[in-house]
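*Asks:* Sharing a model prediction with you, sequence too.
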Amino acid sequence: MIKKIYLIGNPNVGKSVVFSRLTGVQVISSNYPGTTVEISKGYLQTGREKIEVVDLPGTYSLEPTSSAEEVAVSLLKEYAKDEIVVINILDSTNLERNLLLTLQLIEGGFPVIACLNMCDEAGHKGVHIDISKLEEFLHIPVIPTCAITGSGIKLLIERIKEAVPVSRGVLTHEERWKEIGRIIEQAQRLEHRHHSLREILEDVSVRPVSGLIMAAGVIYAAFKFVRFIGEGIITKLTDPLFFNFFQPLLEKLTSHWQENGFWFHLLIGDLINGKIDFKQSLGLLTTAPYIEFGMVLPYVISFYFVLSLLEDIGYLPRLAILLDNLLHRLGLHGYAIIPVLLGLGCNVPGILATRVLESKRERFIASTLISIGVPCVPLQAMIFGLLGTFGGFYVAGVYLVLFSLILILGMILNRSLSGYSPEFLLEIPPYRFPPLNILAKKLFFRIKGFLIEAVPVVLAGVLVINILLYFRLFDFVTGIFAPLVTGLFGLPKEAVAALAIGFLRKDVAAGMLTPLGLSVKQLFIAVTLLAVSFPCIATFIVLWKELGVWDVLKATLIMIAVSIIMGGALNLIILR
Amino acid sequence: MKKISLAQIKTNHKAKVIEILGGQNLQDRLMNMGVHKGRELLKLSHIGLRGPVVIKSGRSILALGHGVAAKIIVEAV
């Protein structure tokens, strides 16, 4: 009786894609090692049976050398060997390296079935694998699959029960590589291929000069593209919907309401010049949906589209190589760029992704830098919305301040924290061109995730704000912090409420700044403070879970110190 | 044959691994990725003076921090 099925394999062989195929559970997969940092579980329905399937983080070996590998290996040992089946997923284009783990699994007495994934790609690259010979050498079932299209998956499911332990002598590492060499020689045939355009591009992107030029081009294009799609959705779709359809509807429905009643205040908010103003009214049916759907969502869509594209093509690890030098000065190595980029979407997955970094020290530095200097898409969309009207100069200024903060703070942390940061050691995946439907699925999955997380909090946030404002409960908090905010940062005391709401959600908080009629300078300081000061509650909880109480306390103190210093400095430096 | 580190050999040159210095963990990690004594590598790129080194080992492309590359002793082939 099989109790559990484990999916195990080297990093970036498509375990998560196979997992989705087997269980129907959608998980994020990308073209770089270490996408799966959380263990996903799902169920495989075969006839009447329902077996739990566990997607393990990628590992090169059963002798773990990193914490992610440790997790994978320890989970594998949770059940008795006759109660589980191990599906070992291999990358057909790189059979040699993948076979190490396969041999270890067989030697370890696990019931193994091998799934040779990415078979189509291997074919394109001139790699031909003799499946029956491989089965002969390994004495286990070997099934060629292409998980992206789903071919071979049915056969894989059918043959799961054929996985049984095989007796095989335990080898040393050197012996194992020799054995693999022997297997490869007989079971794999390589066809000579000329350098394809793709390989030339792969090469260009990791050479010093051409790589940097390409990186600059990619980053610039990505930024422009995010802006283009985001703006496009706003001007062509959401703004017309809000202003030409939703506003007249709301005004009609509420025309006979008392303007100063509690419910009117809660749902519609304040009328600006006798009309609903989606940016300023602060009502549950006005500003709340406008912020989320009219300002933030378009950018969430465009950002994740571009990020997913870069992820699936496999560009990010190459960017990591180019940035390794710079990140070393911050106590990190090149791969830290992955959590930073994910953090630009939302800090929560960004901080989770710091698990790709090996040491606790690196994870502390990366998490702290992300929560201070990396603004999430909702906040960025608001920064563009609020400051963009005064000119791109101010928007660029916010990014410049945040970027400098990351550099300075990173260097300070690197100098002052004990210990050292491990070296960069990473496998670079080939470029792949994801089918559009896979990309669309991933985008849809991420947007759904955003909506589920954001909408309730935004509604609750606006509700709380309105109740607090209506009963004048903010006045108490405002009174306490007013000296700091007005004296040091040069902001009106009403801004205290907005900064406090930043703990709930950054986009709502930024939205609350609009009705205050701030000057450009004040707005600049306020949004930068929103980015730098306390992270939102969701990020805070993840920080706590990932770093532990003490490090969160440390990170929090750093955040408060940085906010006060930076806010005060900006107030002094900026003259108008 | 002159023994030098992977950080020192020229780009686009092939080399054979003679020895890997450094701790057990690093040796294990490299071993697991297929970089071990006797293995032939091709150096693809070296970013900056003290930047990472990119190599081709079998069908894998690996990026190694400068410190790691300096610990892999090779001979040119």
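*Replies:* Noted; the coordinates are in hand. Predicted, not measured: the structure shown is a model, and the values here were computed from it. Numbers count the residues shown, from 1 in each chain, chains lettered A, B, ... in the order given.
*Asks:* Which parts of chain B are helices?
*Replies:* B:24-32, B:66-71 (DSSP state H).
*Asks:* hey, which of those helices is tucked in deepest?
*Replies:* helix B:66-71 (a mean of 22; mean count of other C-beta atoms under 10 Å in any protein chain shown). C-betas here are computed from N, CA, C, even on glycine.
*Asks:* Against which helices or strands is it packed?
*Replies:* strand B:3-5, helix B:24-32, strand B:53-57 (3 or more C-beta pairs under 8 Å, 6 or more residues apart in numbering or on different chains; DSSP states H and E).
*Asks:* okay, these in JSON lines with mean pLDDT and distance to chain A next?
*Replies:* What follows is those, written out as JSON lines (pLDDT from 0 to 100; distance: least, C-beta to the nearest C-beta, whole Å):
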{"stretch": "strand B:3-5", "mean pLDDT": "89", "distance to chain A": "13"}
{"stretch": "helix B:24-32", "mean pLDDT": "90", "distance to chain A": "4"}
{"stretch": "strand B:53-57", "mean pLDDT": "95", "distance to chain A": "5"}
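*Asks:* of these, which approaches A:His328 most closely?
*Replies:* Nearest to A:His328, of all the helices and strands packed on helix B:66-71, is strand B:53-57, at 13.7 Å by C-beta to C-beta.
*Asks:* Give me the buried positions along that closest one.
*Replies:* Neighbour-count burial for strand B:53-57, counted by 16 or more other C-beta atoms under 10 Å in any protein chain shown, picks out B:Val53, B:Val54, B:Ile55, B:Ser57.
*Asks:* So what are the sheet partners of that strand and their directions?
*Replies:* Partners of strand B:53-57 in the sheet, by DSSP bridges, are strand B:40-46 (antiparallel), strand B:60-64 (antiparallel).
*Asks:* Just name the most buried of those.
*Replies:* strand B:60-64 (a mean of 24).
*Asks:* Please find the angle between the direction vectors of it and helix B:24-32.
*Replies:* 160 degrees (axes from the mean of the first three to the mean of the last three C-alpha atoms, to 10 degrees).
*Asks:* How about residues contacting strand B:60-64?
*Replies:* With contact meaning C-beta atoms under 8 Å, 6 or more residues apart in numbering or on different chains, strand B:60-64 is reached by A:94, A:97, A:202, A:206, A:317, A:320-321, A:324, A:334, A:423-428, A:430, B:6, B:33-35, B:44, B:52-56, B:72.
*Asks:* try stretch A:396-411
*Replies:* A:329-332, A:365, A:368-369, A:372-375, A:383, A:387, A:524, A:527-528, A:531-532, A:558, A:562, A:566, A:570.
*Asks:* The same query, at a cut-off of 10 Å, please.
*Replies:* A:326-327, A:329-332, A:336, A:340, A:365-366, A:368-370, A:372-375, A:379-380, A:383-384, A:387, A:391, A:523-525, A:527-528, A:530-532, A:558, A:561-562, A:565-566, A:569-570, A:574 (C-beta atoms under 10 Å, 6 or more residues apart in numbering or on different chains).
*Asks:* Run through chain B and note the low-pLDDT ranges.
*Replies:* By pLDDT under 70, the low-scoring segments of chain B are B:1.
*Asks:* Tally up the residues packed near the residue of chain B found nearest chain A, please.
*Replies:* Taking C-beta to the nearest C-beta, chain A has its nearest neighbour within chain B at B:Gly65, 3.3 Å off. Applying other C-beta atoms under 10 Å in any protein chain shown, we find 26 residues neighbouring B:Gly65.
*Asks:* residues touching it, list them.
*Replies:* A:321, A:324-325, A:328, A:333-335, A:421-426, B:7, B:50-53, B:71.
*Asks:* Three-state assignment for A:Pro422, please.
*Replies:* Applying DSSP: H, G, I helix; E, B strand; the rest coil to A:Pro422 yields a three-state assignment of coil.
*Asks:* List the residues that contact it.
*Replies:* A:66, A:332-333, A:357-359, A:361-362, B:25-26, B:29, B:65, B:67-68.
*Asks:* A:Leu309: which of the buried residues of strand B:53-57 is nearest?
*Replies:* B:Val54 (23.2 Å).
*Asks:* Okay, and the beta partners of the closest one?
*Replies:* B:Ser45, B:Ala63.
*Asks:* I'd say it and B:Val68 touch.
*Replies:* No. The pair B:Val54 / B:Val68 is not scored as a contact, 11.7 Å apart, by C-beta atoms under 10 Å.
*Asks:* picking that back up, mark which of the contacts of strand B:60-64 are buried, thanks.
*Replies:* Applying 16+ other C-beta under 10 Å to the contacts of strand B:60-64 flags A:94, A:97, A:202, A:206, A:317, A:320-321, A:324, A:334, A:423-428, A:430, B:6, B:33-35, B:44, B:52-55, B:72 as buried.
*Asks:* longest helix anywhere in chain A?
*Replies:* Assignment by DSSP H; longest helix in chain A turns out to be helix A:436-470.
*Asks:* Now do the buried residues in it.
*Replies:* Per 16+ other C-beta under 10 Å, helix A:436-470 contains these buried residues: A:438-439, A:441-443, A:445-446, A:449-450, A:454, A:457-459, A:461-462, A:465-466, A:468-469.
*Asks:* tilt between the following helix or strand past it and helix A:436-470?
*Replies:* Sequence order places helix A:474-482 as the next helix or strand after helix A:436-470, per DSSP states H and E. Using the same axes, to 10 degrees, the direction of helix A:474-482 lies 100 degrees away from that of helix A:436-470.
*Asks:* and the helix or strand following helix A:474-482, what other elements does it pack with?
*Replies:* Going down the chain from helix A:474-482, the next helix or strand is helix A:495-501, by DSSP H and E. Here helix A:495-501 touches helix A:436-470, helix A:474-482, helix A:506-513, helix A:520-532, going by 3 or more C-beta pairs under 10 Å, 6 or more residues apart in numbering or on different chains; DSSP states H and E.
*Asks:* mind putting these in JSON lines, mean pLDDT and distance to chain B included?
*Replies:* Below are the helices and strands packed on helix A:495-501 laid out as JSON lines (pLDDT from 0 to 100; distance: least, C-beta to the nearest C-beta, whole Å):
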{"stretch": "helix A:436-470", "mean pLDDT": "90", "distance to chain B": "23"}
{"stretch": "helix A:474-482", "mean pLDDT": "82", "distance to chain B": "45"}
{"stretch": "helix A:506-513", "mean pLDDT": "92", "distance to chain B": "34"}
{"stretch": "helix A:520-532", "mean pLDDT": "94", "distance to chain B": "30"}
